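A.B. asks: Structure of the sequence below:
(one chain, ligands or ions: 1)
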Amino acid sequence: MGDVILGVKGLRKSFGRVVALDGLSFELMRGEIFALIGPNGAGKSTTLRILATVLQPDDGAFFLDNVSGTARPELIRKNISYLAEESMPYKNMRGMEYLRFMAALYAENEGEADKYTKLAINMSNLKERLDDKIKTYSKGMMRKLMIASSVMMEPQLAIMDEPTSGLDIENAFYVRKQLKSLKEKGITILLSSHNMLEIEYLADRVGIINKGRLLTMGTPQELKKRFKADNLEQVFMEVAE
Ligand SMILES: Nc1ncnc2c1ncn2[C@@H]1O[C@H](COP(=O)(O)OP(=O)(O)OP(=O)(O)O)[C@@H](O)[C@H]1O
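C.D. replies: Predicted coordinates for the structure are as follows:
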């Protein structure tokens, strides 16, 4: 881990009278897994949507490898992936069809599309169920398909909103292992989660936000030491108070 890959500076976003982000700033180091945690309505999804360039901030800026994502979103889109909290595949397609369809959207030629599809087939771990219509999938199977299709192009930065939400223990475990292997490939990951055990296992660093502001940030070890806590849940409760 060395240099800064993502710089987030003073993001502000309101929805009517609701202030979702109130001057949020933080940096991500290349190759790390960074987890945003915070209570419901803290501004996590809003932050991730802005960084994924699907939502414009009212003020502030962010930079991916020194390229402004607010001024030039089209330049950074190729280098980031985004898994939304409630993202859904086209249910009338078969799993395999969906992966090929997504690969064709991302790839610049057939060779690249094949490479992306193979990677996603592997990562989804859905095996022969990829031949079935997506509408026959369980929630966990759909989530695995969505995760695999979101990162098939091996982006520089993978943004994931609650990647394991709704997954059973076995599937969540599998997805966490996949996220670790993405990190080993050098992909930086920014995720949100409400699962403190997951964050202890996955995150190199954690940022705790509330009311659209960053309250504290550090490695799980640093935070536990700083707040004299045995685990991240205690840190969270202490900070939230
Ligand atoms: N499209 C929208 N229209 C109106 N208000 C919104 C919209 N999106 C978010 N908000 C509001 O902005 C605030 C932050 O919401 P956000 O979804 O970013 O929180 P969150 O930390 O992701 O919450 P959760 O943990 O519940 O998913 C909340 O008060 C929410 O109601």
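
A.B. asks: Residues of the chain that sit close to the ligand?
C.D. replies: 15, 18, 20, 38, 40-46 (Cβ under 6 Å from any ligand atom). All C-beta spots, glycine's among them, are computed from the backbone N, C-alpha and C.

A.B. asks: What ranges in the chain fall below the confidence cut-off?
C.D. replies: Counting by pLDDT under 70, the chain shows low-confidence ranges at 1-2.

A.B. asks: residue ranges for the helices of it, please.
C.D. replies: Along the chain, counting by DSSP state H, helices occupy 44-51, 73-76, 95-106, 110-124, 139-151, 169-184, 196-202, 220-226, 232-240.

A.B. asks: what are the bridge partners for the residue nearest to the spatial centre of the chain, then?
C.D. replies: The centre of the chain sits closest to residue 160, judged by Cα atoms, centre = their mean, with a distance of 1.7 Å. Taking DSSP bridges as the rule, residue 160 bridges to residue 83, residue 191.

A.B. asks: Wait, it touches residue 80, no?
C.D. replies: No. Look at residue 160 against residue 80 with Cβ atoms under 8 Å: they stay out of range, at 11.0 Å.

A.B. asks: related to what we said a few turns ago, ok, of the residues of the chain next to the ligand, which one's closest to residue 202?
C.D. replies: When those are ranked by distance to residue 202 (Cβ to Cβ), residue 44 comes first, at 15.5 Å.

A.B. asks: Could I get the contacting residues of the closest one?
C.D. replies: 36-38, 161, 192, 209 (Cβ atoms under 8 Å, 6 or more residues apart in numbering).

A.B. asks: now it, nearest residue through space, not along the chain?
C.D. replies: Computed as Cβ to Cβ, 6 or more residues apart in numbering, the closest residue to residue 44 that is not its neighbour in sequence is residue 192, at 4.1 Å.

A.B. asks: ok, that neighbour - how many residues close by?
C.D. replies: 24 (other Cβ atoms under 10 Å).

A.B. asks: what sits against residue 101?
C.D. replies: With Cβ under 8 Å, 6+ apart, residue 101 has these contacts: 90, 93.

A.B. asks: actually residue 142, not the one I typed
C.D. replies: 88-89, 134.

A.B. asks: ok, these vs residue 213, which is closest?
C.D. replies: When these are compared against residue 213 (criterion: Cβ to Cβ), the nearest one is residue 88, at 31.3 Å.

A.B. asks: Quick check: the closest residue to the closest one other than its chain neighbours vs residue 154, distance?
C.D. replies: Counting by Cβ to Cβ, 6+ apart, residue 88 lies nearest to residue 142, which is 7.0 Å off, once chain neighbours are set aside. Distance, residue 142 to residue 154, by Cβ to Cβ, to the nearest Å: 22 Å.

A.B. asks: next one: residue 175
C.D. replies: Taking Cβ to Cβ, one finds residue 175 at 17 Å from residue 154.

A.B. asks: Give me the more crowded residue out of the two.
C.D. replies: A count of neighbours by other Cβ under 10 Å puts residue 175 above the other of residue 175 and residue 154, at 23 against 14.

A.B. asks: Can you name the residues that contact that one?
C.D. replies: Counting by Cβ under 8 Å, 6+ apart, residue 175 touches 143-144, 147, 163-164, 167.

A.B. asks: So residue 130 sits against residue 99, correct?
C.D. replies: Yes. Using Cβ under 8 Å, residue 130 is in contact with residue 99, at 7.2 Å.
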